[in-house]
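Visitor: after the sequence you'll find the predicted model.
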Amino acid sequence: MNKYFNTYIISMLLVVLVGCSVSKEMAKPTPQLPANFRNAVNADSNSIADLPWKDYFTDPALQKLIDTAIGKNYDLLVALKNIEAAQRLLAQTRYAYLPDVKLQTGVTVNRPSDNSLNGLSLSQFLGKSYVEDYTTSIGVSWEADIWGKIKNQKAAALAGYLQTGEARKAVQTNMVANIAKGYYNLLMLDAQLTVAKKNVVLNDSTLQIVKLQYSAGQVTELAVQQTEAQRLAAVQLIPQFEQAITVQENALSILTGALPGYIRRNTILADVVVPGNPATGIPSQMVSRRPDVKQYEQALTIANAKTGIAKANLYPSLNITAGAGVNAFKASNWFSIPASLFGTVAGGITAPLFQRKQLQTQYDIAKTEREKSVIQFRQSVLMAVGEVSDAMVKIQKLKEQQTIASLRRNTLEKAIRNAQLLFKNGMATYLEVLSAQSNLLQSELETDAIRKAQLSENVELYRALGGGWR
């Protein structure tokens with residue numbers, strides 16, 4: 001009766017201890033978020049980030065670049081391998097509660113000294129100078145998860161797996177944005193190259209008129225030299241743009257996992273529609289959508305789990321071991337059943353003594369790392385909100401700049417036509433013509449650059465809101 005009572009008390013104690021946990025799960029900190037983004041135009045729940053990238057980027061050539069990159073980009077392939085590794089670690093933790101089972105087989109021959117007590121005993125009782133031992137056994141060892149150590153290990157593995165998934169999404173969103181920006185930059189360079197070539201033709205025409213005037217004695221050689229220099233300045237832009245086009249094509253090719261080569265374009269910069277007032281949604285939606293913010297959230301879960309593991313190491317651990325098998329002093333009796341059968345059961349509680357200071361330090365460091373994770377999570381949210389606000393104000397102000405640049409360009413186009421007409425009739429000097437041509441060239445280049453910046457900032461807003469991984 002006393003035996004069963006003791007067994008009952010021990011069993012109940014183990015159940016209570018297993019239900020204990022030295023660490024409490026830390027709730028996700030609530031970041032401080034504004035009701036709406038600064039400079040928000042559409043303050044409703046709709047957001048362009050909810051659109052799959054194929055619906056947001058409608059240019060077939062751009063779609064093909066992104067689609068190819070998703071399958072062949074090396075950064076994405078590495079991210080997928082990280083997911084695969086994390087998935088294997090997660091699968092391994094499913095067996096953490098099971099005991100460790102080992103099969104052992106061994107043969108031992110011990111030959112003691114003839115002058116030793118063991119040697120004399122062997123000679124006297126067994127009639128030989130050595131002893132044999134044949135053993136085959138199955139050993140089982142199990143550590144009770146009293147303080148939630150295994151539970152925290154599983155939580156950390158799950159968060160690590162989810163974190164790798166968010167990392168892949170973050171890589172894709174950045175990759176999609178970089179490809180779109182690179183493609184629009186390529187269209188801008190094409191447009192600027194066309195402007196430079198058109199300006200060269202314009203300067204050639206002016207130079208021919210100045211040469212005729214020089215032959216007629218109406219202008220000096222200085223006029224010819226200055227006009228020629230103006231033409232060469234326009235010519236010099238052509239190889240610069242051609243170089244930039246090749247470099248951009250190479251960069252896009254590498255992003256798609258291909259060797260440097262030509263990038264096909266289906267349109268020109270002027271035909272690309274700039275979105276009017278893109279919907280941004282509300283900040284709380286953005287936080288739940290951004291992969292990088294979700295990464296920091298999972299990092300906080302991992303840090304919290306590691307803190308629990310570090311604290312559990314400070315407490316005693318209960319280990320239970322058992323073994324069974326066959327053992328004999330002769331090979332002929334090795335598997336003689338039941339005479340060779342044996343079994344052992346042992347249980348023990350291990351508590352750290354001299355390592356406690358070291359374990360306490362590890363626990364303090366784990367708590368510090370958890371506090372760092374909280375700070376990093378809050379910072380990631382703050383940075384995300386800032387990126388959206390920056391993109392929105394840039395889009396608004398670039399729209400104003402585009403309006404002004406277009407008006408200036410139209411004015412300069414009229415001015416150069418008037419300058420050429422007056423110059424041909426001797427009512428304007430060649431310097432006025434050169435000034436008008438130079439101003440028009442810069443205006444056209446700036447107009448294309450602003451349009452490209454508008455497209456790029458809309459892409460940046462799409463990325464900042466968490467779009468691109470769907």
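Guide: The structure has been received and is ready for your questions.
Visitor: mind listing what's buried in the host helix or strand of Val247?
Guide: In this assignment (DSSP states H and E), Val247 forms part of helix 221-255. Residues of helix 221-255 classed as buried by neighbour count (16 or more other CB atoms under 10 Å): 223-224, 226-227, 230-231, 233-234, 237, 241, 244-245, 248-249, 251-253, 255. No exception for glycine: its C-beta is placed from N, CA and C like everyone else's.
Visitor: with stretch 87-102 instead?
Guide: Leu90, Thr93.
Visitor: can you tell me which residues contact Thr108?
Guide: Listed by CB atoms under 8 Å, 6 or more residues apart in numbering, the contact set of Thr108 reads Glu132, Asp133, Thr135.
Visitor: please, a ChimeraX command that selects the buried ones among these?
Guide: Listed next is the ChimeraX selection for buried residues among those, using 16+ other CB under 10 Å:
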select :135
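Visitor: need the contacts of Thr108 in JSON lines with distance to Tyr462, can you?
Guide: Listed next are the contacts of Thr108 as JSON lines, based on distance: CB to CB, whole Å:
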{"residue": "Glu132", "distance to Tyr462": "77"}
{"residue": "Asp133", "distance to Tyr462": "73"}
{"residue": "Thr135", "distance to Tyr462": "68"}
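Visitor: nearest to Pro99, of the contacts of Thr108?
Guide: Pro99 has its nearest neighbour among these in Thr135, at 20.4 Å by CB to CB.
Visitor: next one: the helix or strand where the closest one lies to chain centre, how far?
Guide: Using DSSP H and E, Thr135 sits within strand 131-143. Its chain's average C-alpha position is 49 Å from that of strand 131-143, according to CA atoms, centre = their mean, to the nearest Å.
Visitor: parallel or antiparallel, list what pairs with it.
Guide: strand 100-110 (antiparallel), strand 317-328 (antiparallel) (DSSP bridges).
Visitor: now do the end-to-end distance for stretch 352-361.
Guide: 13 Å (CA to CA, to the nearest Å).
Visitor: please disregard the earlier target; I meant stretch 205-225.
Guide: So stretch 205-225: terminal residues 15 Å apart, CA to CA.
Visitor: just the buried positions in it, please.
Guide: Applying 16+ other CB under 10 Å to stretch 205-225 flags Thr206, Leu207, Ile209, Val210, Gln213, Tyr214, Val219, Ala223, Val224 as buried.
Visitor: ok, and what's touching that stretch?
Guide: By CB under 8 Å, 6+ apart, stretch 205-225 touches Thr227, Glu228, Gln230, Arg231, Gln420, Phe423, Lys424, Gly426, Tyr430, Val433, Leu434, Gln437.
Visitor: average pLDDT for it?
Guide: In this model, stretch 205-225 carries a mean pLDDT of 77.
Visitor: same check, this time on stretch 395-402
Guide: Mean predicted confidence for stretch 395-402 is 89.
Visitor: would you map the helices across the protein?
Guide: Ranges of helices within the chain are 2-18, 53-56, 60-72, 74-93, 117-125, 149-215, 221-255, 283-289, 291-312, 356-424, 430-464, based on DSSP state H.
Visitor: now the second one: buried residues?
Guide: Along helix 53-56, the positions that meet the burial threshold by neighbour count (16+ other CB under 10 Å) are Trp53, Tyr56.
Visitor: list the contacts of that helix.
Guide: Ile48, Gln63, Ile66, Val176, Tyr462, Gly467, Gly468, Arg470.
Visitor: and of those residues, the nearest to Val345?
Guide: Using CB to CB, the contacts of helix 53-56 come closest to Val345 at Arg470, 56.2 Å.
Visitor: once you drop chain neighbours, what's closest to that closest one?
Guide: Nearest in space to Arg470, with sequence neighbours left out and distances taken as CB to CB, 6 or more residues apart in numbering, is Pro52 at 4.4 Å.
Visitor: cool, Pro275 as well?
Guide: Asn458 (5.2 Å).
Visitor: and what of Pro31?
Guide: With CB to CB, 6+ apart, the residue lying closest to Pro31 is Val381, at 4.0 Å.
Visitor: that neighbour reaches Leu33, doesn't it?
Guide: Yes - between Val381 and Leu33 a contact is recorded at 7.1 Å, counting by CB atoms under 8 Å.
Visitor: who has more neighbours out of those two?
Guide: Of the pair Val381 and Leu33, Val381 is the one with more neighbours under other CB atoms under 10 Å, namely 22 against 16.
Visitor: just the pLDDT at the more buried one, thanks.
Guide: Model confidence at Val381, given as pLDDT, is 87.
Visitor: also the one 5 residues further on?
Guide: According to the predicted model, the pLDDT of Gly386 comes to 86.
Visitor: again, but for Ala339
Guide: At Ala339, pLDDT is 81.
Visitor: what's the answer for the one 4 residues further on, then?
Guide: You'll see Gly343 listed with a pLDDT of 83.
Visitor: bridged to the residue lying closest to it once chain neighbours are set aside, which residues?
Guide: Nearest residue to Gly343, sequence neighbours excluded (CB to CB, 6+ apart): Ala324, at 4.2 Å. Beta-bridge partners of Ala324, counted by DSSP bridges, are Ile138, Gly343.
Visitor: number of residues surrounding Ala324?
Guide: 13.
Visitor: pretty sure it sits against Ser340.
Guide: No - the pair Ala324 / Ser340 is not scored as a contact, 11.4 Å apart, by CB under 8 Å.
Visitor: that older thread, now do the shared contacts for Val381 and Leu33.
Guide: Val287.
Visitor: list the contacts for Ile309?
Guide: Contacts of Ile309 (CB under 8 Å, 6+ apart): Lys149, Asn152, Gln153, Ala156, Ala366.
Visitor: burial check on the first one, number of neighbours?
Guide: Same thing as Lys149. Neighbour number of Lys149 under other CB under 10 Å is 24.
Visitor: could you find the closest non-adjacent residue to it?
Guide: Ala312 (4.1 Å).
Visitor: surely the one you found touches Ile150?
Guide: No - the criterion here is CB under 8 Å, and Ala312 misses it with Ile150 at 9.2 Å.
Visitor: the two: who's more crowded?
Guide: Shown here are Ala312 and Ile150; by other CB under 10 Å, Ala312 has more neighbours (23 against 17).
Visitor: how close does that one get to Pro260?
Guide: Between Ala312 and Pro260 the computed distance is 54 Å (CB to CB, to the nearest Å).
Visitor: that older thread, the residue nearest to Pro31: what's it in contact with?
Guide: Pro31, Leu33, Val287, Val293.
Visitor: which residues of the stretch 51-200 of the chain score low on pLDDT?
Guide: 119-120, 122-123, 125-127 (pLDDT under 70).
Visitor: rerun that using 50 as the cut-off
Guide: Across the stretch 51-200 of the chain, nothing is flagged by pLDDT under 50.
Visitor: good, we can wrap up now.
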